[in-house]
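[1] How does the following fold in three dimensions:
(chains A and B)
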Amino acid sequence: MRAVRTRELVLRYVLLLAVLALTAGPFLWQLSTSLKGPTEDIFSSPPKFLPSHPTLHNYERVADTIPVWDYALNSLKVATANVVTNCVGSALAGYALARLRYRGRRVTTLVFVLAMLVPVEGIIIAQFTTMRELGLNNTLIGVVLPGSIGAMNVLLMRNAFLNLPYEIEEAAYVDGANAWQRFLRIALPSVRGTVAVVAIFAFMGAWDDFLWPLIVLSDPSKFTLTIGLNYLHGTFANDERLVAAGTVIAVAPLIALFACLQRYFFRGVGEGAVKG
Amino acid sequence: MVSSTVTGVRRAESVGRVRRVRRQLPTSPWLFAAPGLLITGAFILYPFVSTLVNAFTDRRTLIPGEFVGLANFRELLHDDMFWIGLRNSTLYVLGVVPALVILPLLLALLVQKNIPGITFFRSAFYTPVVASIVVVGLIWVWLLDERGLINSLLETVGIGRVGFLSDQWLLLLSAMAVTVWKGLGYYMIIYLAALANVPRELHEAAAVDGAGAVRRFLTVTVPAVRSTMALVGALSSVAAFKVFSEVYLMAGPSGGPAGEDTTLVMLVQRTGTGLTGRVGYASAISVVVFVVTVALMLLVLRTDRRGES
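    Next comes the predicted model:
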């Protein structure tokens, strides 16, 4: 019996390591490529997995080729704005849907449910013409606006508020607290976990987004990192070390964020999937 | 925190009664909902409706256009590029969905047991989900390059180099593989949550009856998570049909050799943007995307319901 257990355990770890090589390997290969100097052969066969003389030279060269730090700053601006608008906007709307009584609440809920079902890829052209009409195409505000208060986040917040016990808010109500006070002092602090999930997915969504910024941004000085990388790849495709360094710059912050806040990332998948 | 439903309901009613006496400002609830409604209305629902309307016009980026009836849809029927796009997006669903329904389930079973170091493995398997599709696409473009790592390995073992990114079909297949690679961790987490709800006794009973691992997987695990499988099927098929970034990055903006790898959303993007963009025609393609997306969702959810009864 024990021999079977040990054998099963060994088999499990072998499989785990094999999948690890498959999922983490490509990132490590990219990192290795980005650290290889200009004289080192990156095409050798059999391949060399570790750089013989690791250098940060390629990272300097990316910055000389495209304004990569400006792009990173643009991405950071877009992602931060997306976090703030989504947290504030969806908490407010979610609270209205869950706790406030007013005529039209059902219609409001329906609006968000319908909006969640609209496939964004199908309306990008109309979103772009809308942005043009507002004069916001080719601006970072235009990048942020369409996703700034996600319907799914509103419904996530609504469910979080609905799951709170009513008694405390009721007590506050009897004590004369108005809707804003109950929302800010009692309800909101109790759903911090869901707000964190919304924040993280808003950050990741904006930082990683490609299709929409590709359509709305045309001026290279306004590019976000993903669009900048696409440009780098299209223009300097044969300089693999350069592209590798660029991708590492784009992915490193998110991997760091994920390493620190894993629990919320996993929670977000569960809650998002049930709703989405 | 502990409250029975009955008191909850009674208290809710009493709150309502109090409210009628001391009315709150009537504008307040709308102020709470206003920002969300404004954004959703202006940037999701209005563009959705205007896509439906534009599909029946010859609107261009700089020209308002006029109503043209079904002309755009008639043109679609004779547009080779549209059929190529429809074919590729459909193939994408057929190729990606079975893999994304089954592989993450197996992966979830692999990481389900709490053995030392398992949280590290779970996180590592999730990392591709966190990375931008642009990063992932470029990583694989380099891996699959004519002179890249995978071809170096293939040459070392004597198979020889393969043109993953130059052949029309290998390109599409490679893009599908990348989609699956990036999605594995996401659906693994969904399955992990579902597996946590499968009663242990079922497995033990089956094991006592002498059922092997494969048998137990088919008779215990699969029936227990089948509604989750349907959910994953619905989510992944809708996402697969709308594929854009993977193919755009790997095959290039024009969609590979002779544009043969163009997907429907790539065609929407290519047709509708730019100063001469044909907004009306791109909207007609978008309408096809809507219809197929809704049909896919209904189809998957219906097969699930039929399987249960």
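[2] okay, CA-based contacts and neighbour counts for the rest of this
    Fine.
[3] buried sites along the longest helix along chain B?
    Secondary structure of chain B per DSSP state H: the longest helix is helix B:80-112. For helix B:80-112, a neighbour-count test (16 or more other CA atoms under 10 Å in any protein chain shown) marks B:81-93, B:95-97, B:99-105, B:107-112 as buried.
[4] go on, stretch A:109-122?
    So for stretch A:109-122, counting by 16+ other CA under 10 Å, buried means A:109, A:111-113, A:115-116, A:118-122.
[5] Nearest to chain B among those?
    Using CA to the nearest CA, residue A:122 comes nearest to chain B of those, at 4.8 Å.
[6] The closest residue in space to that closest one that isn't next to it in sequence - how many residues pack around it?
    Distances taken as CA to CA, 6 or more residues apart in numbering or on different chains place residue B:286 nearest to residue A:122, at 4.8 Å, with adjacent residues excluded. As a burial measure, residue B:286 scores 27 neighbours (other CA atoms under 10 Å in any protein chain shown).
[7] Go ahead and confirm residue B:286 touches residue B:268.
    Yes. With contacts counted by CA atoms under 8 Å, residue B:286 reaches residue B:268, the gap being 6.7 Å.
[8] Overlap in contacts, the two.
    Listed as contacting both residue B:286 and residue B:268 by CA atoms under 8 Å, 6 or more residues apart in numbering or on different chains are residue A:122.
[9] For chain A, see how far away residue B:223 is.
    Computed as CA to the nearest CA, to the nearest Å, the residue B:223 to chain A distance reads 19 Å.
[10] State the helix or strand in which the residue nearest in space to the middle of chain B lies.
    By CA atoms, centre = their mean, chain B has its centre lying nearest to residue B:239, at 2.3 Å. Per DSSP states H and E: residue B:239 is located in helix B:226-241.
[11] any chance of the buried residues of stretch A:109-122 in TSV, with distance to residue A:190 too?
    Putting these into TSV (distance: CA to CA, whole Å) gives the following:
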residue	distance to residue A:190
A:109	22
A:111	26
A:112	23
A:113	24
A:115	27
A:116	25
A:118	31
A:119	32
A:120	32
A:121	35
A:122	37
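[12] So which of those are in strands?
    In strands, judged by DSSP state E, none of these are found.
[13] What's the local residue count around residue B:175?
    If you count neighbours by other CA under 10 Å, residue B:175 ends up with 28.
[14] Residue B:63 should be in a helix, yeah?
    No. Going by DSSP: H, G, I helix; E, B strand; the rest coil, the assignment for residue B:63 is coil, not a helix.
[15] contacting residues for the nearest residue to residue A:264 once chain neighbours are set aside?
    Closest residue in space to residue A:264, ignoring its immediate chain neighbours: residue A:197 at 5.4 Å, by CA to CA, 6+ apart. By CA under 8 Å, 6+ apart, the residues touching residue A:197 are A:264-265, A:267-268.
[16] got the residues of the stretch 151-276 of chain A near chain B?
    Contact residues (CA under 8 Å from any CA of the partner chain) of the stretch 151-276 of chain A with chain B: A:151, A:154, A:165-167, A:170, A:178-179, A:204, A:207-211, A:215, A:226, A:229-230, A:233, A:240, A:243-244, A:247, A:250-251, A:254-255, A:258-259, A:262, A:266, A:269-270, A:273, A:276.
[17] follow-up on the earlier one: make CSV from the contacts of residue A:197 and add neighbour count to it.
    Shown next, in CSV, are these (neighbours: other CA atoms under 10 Å in any protein chain shown):
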residue, neighbour count
A:264, 20
A:265, 24
A:267, 18
A:268, 21
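[18] tell me which residues of the host helix or strand of residue B:294 are tucked away?
    Element membership for residue B:294 (DSSP H and E) is helix B:279-308. Of the residues in helix B:279-308, B:279-287, B:289-290, B:292-293, B:296-297, B:300-301, B:304 count as buried by neighbour count, 16+ other CA under 10 Å.
[19] shaky segments in the chain?
    You didn't say which chain, so I picked chain A. A:1-4, A:237, A:270-276 (pLDDT under 70).
[20] wait, chain B
    Low-confidence segments of chain B, defined by pLDDT under 70: B:1-27, B:306-309.
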